[in-house]
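Novice: no sequence on this one, just coordinates:
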């Protein structure tokens, strides 16, 4: 039985820009094991964020197939795809993307309205997620009352509140100082080791990438080499 959580088979993706076709991913083949922490690295324009969006079901490939948690995404219509995404994938962004007028608790609870959870279950899930990231004592604070590192921890709580199988992180330490970045990386490593999350993190930061178990290199839309971090 396959232990692959993410399978990209012969995946290509291009965009139209000013009448010109820009090839971003070129017949990419990639498999990622369940419960592993992967860092995705490569120069700007190599297709990292595009790949993240395809795996998260936010975009569709021009050709090829993306299968995540056993679901072939191209075979899902927009409604079923949205339901699948809410249940299976958590997103963490560089800019946190918290809603300023909502408290940390409300920010974490909000996406759970897309799930079948009851009101009481949504409250329980949000409180548990904030507890896991060490933000229970700040749950009533708004984003403006939090440091950048605290905001990102709330954003991670939001991503894990529905107990997804996969976490997709796009430059999660990009706006943080080194100490805050290290704390966020400690948390992501813990989510992989203790909670069995499959994590794919786009990063330009070698220190962040060094915390992952595998480093996947992309270059001009093609898969380069994959490194194993023995100490991770």
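Specialist: Done, it's in. The model shown is predicted, which means the values in this text are computed figures rather than measured ones. Numbers count the residues shown, from 1 in each chain.

Novice: how far does the lengthiest helix in the chain sit from the chain's center?
Specialist: Ordering each helix of the chain by length in residues (DSSP state H) puts helix 178-195 first. Taking the mean of its C-alpha atoms, helix 178-195 sits 13 Å from the chain's own mean (CA atoms, centre = their mean, to the nearest Å).

Novice: identify each buried residue in it, please.
Specialist: 180-185, 187-189, 191-192 (16 or more other CB atoms under 10 Å). C-beta: built from backbone N, CA, C; applies to glycine.

Novice: make JSON lines out of those residues and add distance to residue 15 and pLDDT.
Specialist: JSON lines is the format used below for these (distance: CB to CB, whole Å; pLDDT from 0 to 100):
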{"residue": "180", "distance to residue 15": "33", "pLDDT": "90"}
{"residue": "181", "distance to residue 15": "31", "pLDDT": "90"}
{"residue": "182", "distance to residue 15": "35", "pLDDT": "92"}
{"residue": "183", "distance to residue 15": "36", "pLDDT": "92"}
{"residue": "184", "distance to residue 15": "30", "pLDDT": "91"}
{"residue": "185", "distance to residue 15": "31", "pLDDT": "93"}
{"residue": "187", "distance to residue 15": "33", "pLDDT": "92"}
{"residue": "188", "distance to residue 15": "30", "pLDDT": "93"}
{"residue": "189", "distance to residue 15": "34", "pLDDT": "94"}
{"residue": "191", "distance to residue 15": "32", "pLDDT": "93"}
{"residue": "192", "distance to residue 15": "32", "pLDDT": "93"}
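
Novice: check which helices and strands the helix or strand where residue 217 lies is in contact with.
Specialist: Assigned by DSSP states H and E, residue 217 falls within strand 214-219. Contacting strand 214-219 under the criterion 3 or more CB pairs under 8 Å, 6 or more residues apart in numbering; DSSP states H and E are the following elements: strand 20-33, strand 37-41, strand 222-228.

Novice: which one of the ones you listed is the most hemmed in?
Specialist: Mean neighbour count (mean count of other CB atoms under 10 Å) peaks for strand 37-41 among these, with a mean of 24.

Novice: what strands line up against that one, and which way round?
Specialist: Here strand 37-41 has these sheet partners by DSSP bridges: strand 198-202 (parallel), strand 214-219 (parallel).

Novice: contacts only, for residue 135.
Specialist: Contact analysis of residue 135 by CB atoms under 8 Å, 6 or more residues apart in numbering lists 104, 150, 153-154, 157.

Novice: all strands of this protein, in order?
Specialist: With strands called from DSSP state E, the chain shows them at 4-17, 20-33, 37-41, 63-68, 71-72, 89-93, 166-170, 198-202, 214-219, 222-228.

Novice: residue 112 and residue 125 touch, don't they?
Specialist: Yes - the criterion here is CB atoms under 8 Å, and residue 112 meets it with residue 125 at 5.9 Å.

Novice: list residues touching both of these two?
Specialist: 161-162.

Novice: rounded mean pLDDT for stretch 92-112, please.
Specialist: The pLDDT scores in stretch 92-112 average 92.

Novice: quote the end-to-end distance of it.
Specialist: Using CA to CA, to the nearest Å, the end-to-end distance of stretch 92-112 comes out at 15 Å.

Novice: how far out from the middle of the chain is that stretch?
Specialist: For stretch 92-112, the distance to the chain centre is 15 Å (CA atoms, centre = their mean).
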